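>>> generate a structure from the sequence data that follows.
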Amino acid sequence: MQLQKNHNLRNKVCEIFNVPNQLQENVIQCGEEFVRSLYPDGPKFGDINNLRRHLYNKAMARQSPSALLDLSSLPPTKATCAQHSLRVYLQVQEWLGNRLPSTEWGWKLVEGQLLPVKTTLPPAPESPLSGLLPLQNQLCW
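Modelled structure (predicted):
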C-alpha cells in the first residue's frame with residue numbers, strides 16, 4: 001500500500017485525524033489525499049474528480065462498448081470522499097474519547113435516526129441542458 005511507503009502522508013493522516021477540534025477543511029483535504037494514494041498514479045492528480053475521470057476514461061478505452069463498467073473500481077467523487085473523511089474523523093475522535101456533534105461530521109438526523117450523508121451534491125444536474133443554456137439560446141431562431 002502507498003501509505004506504508006509514504007511516511008510523510010502517514011504522519012500527516014495521523015496528525016490531522018488524531019488532533020481534537022480539527023478544521024473540517026483539513027480533514028477533507030487529508031482524507032482526499034489519502035484516498036488518492038490508494039490508486040496507482042493517484043498522487044499525481046491534484047483533485048480526486050480528475051483521478052476518477054482519468055480512471056473512467058482508461059477503463060472505457062480497454063473494454064468493449066457493450067460491457068458494463070464496474071463503478072466500484074473508481075475512487076469516490078470529491079463530495080462523497082469529503083463526507084466519508086468527516087465520518088472517519090468523527091470515529092477516530094470517538095475512540096479518543098472526544099465527543100463531537102455527529103450532524104456536523106458526515107451524519108444527518110432523519111426521523112430520529114442518524115444516517116450517513118453520502119454526498120452534498122444532487123445525483124444529476126437539474127436539467128441535462130443546464131450547462132448548454134447559453135449555447136441553446138444562440139441556436140434558437
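
>>> looks to me like residue 108 is in a helix.
No. Under DSSP: H, G, I helix; E, B strand; the rest coil, residue 108 falls outside any helix and is assigned strand.

>>> in this structure it contacts residue 114, no?
Yes. With contact defined as CB atoms under 8 Å, residue 108 counts as touching residue 114 (7.3 Å). The C-beta positions use only the backbone N, C-alpha and C, and glycine is treated the same way.

>>> neighbours of residue 104, how many?
Using other CB atoms under 10 Å, residue 104 has 10 other residues around it.

>>> so how far is residue 117 from it?
10 Å (CB to CB, to the nearest Å).

>>> which residues are contacting the helix or strand residue 83 falls within?
Using DSSP states H and E, residue 83 sits in helix 78-95. Residues outside helix 78-95 that contact it (CB atoms under 8 Å, 6 or more residues apart in numbering): 16-18, 20, 22, 24, 27-28, 30-32, 34-35, 47-49, 75-76, 99-100, 102, 105-107, 116-121.

>>> which parts of this protein are strands?
Taking DSSP state E, the strands of the chain run over residues 107-110, 113-116.
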